[in-house]
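[1] Pasted the sequence and its predicted model underneath.
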Amino acid sequence: MASSADGMRAAPTPCRDNDRMIGIRPEYGEILFKDGVAARRYYLRANKNAHDLTLRALAAKNAHAPWSYADVPLAGEPAKGSGPSQRCPEGVPREFFRDLIKNVTKR
């Protein structure tokens, strides 16, 4: 299922210093369903002006190539335009980073 957020940067705020220092960025991906539960896929991409030469070289090959991905359940996501309705379920951030590490593409 496509959404208007697909392909947009999730974090950090786009700025030359952030891109250079952090070197990678998560982007929103598609919404998919796993076992009947909606989840948002996030892709990890390298920045072209990363300070780290390895990341910069990867981005030079293809800045739009995803280097990893992770799926985050959307069950507790607030309605569009409203504030947060509940805290992030415990363990979701840990699983997010674990999945990013597990799903790294070898190139």
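    Nice, thanks for sending it over.
[2] Pretty sure residue 65 sits against residue 45.
    Yes - assessed by C-beta atoms under 8 Å, residue 65 is found in contact with residue 45 at 7.0 Å. Placement of C-beta: from N, CA and C, glycine included.
[3] Of these two, give the one with the bigger neighbour count.
    Between residue 65 and residue 45, counted using other C-beta atoms under 10 Å, the more crowded position is residue 45 (21 against 13).
[4] where does that one land in three-state SS?
    Going by DSSP: H, G, I helix; E, B strand; the rest coil, the secondary structure assigned to residue 45 is strand.
[5] lowest-confidence helix or strand of this protein?
    helix 16-22 (a mean of 84; mean pLDDT, DSSP states H and E).
[6] buried set for that one?
    Judged by neighbour count using 16 or more other C-beta atoms under 10 Å, the buried positions of helix 16-22 are residue 19.
[7] Let me see the ranges of the strands in the chain.
    For the chain, the strands defined by DSSP state E cover 24-34, 37-46, 68-73.
[8] mind giving me JSON lines with the ones you listed and columns for distance to residue 55?
    Converted to JSON lines, these look like this (distance: least, C-beta to C-beta, whole Å):
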{"stretch": "strand 24-34", "distance to residue 55": "6"}
{"stretch": "strand 37-46", "distance to residue 55": "5"}
{"stretch": "strand 68-73", "distance to residue 55": "13"}
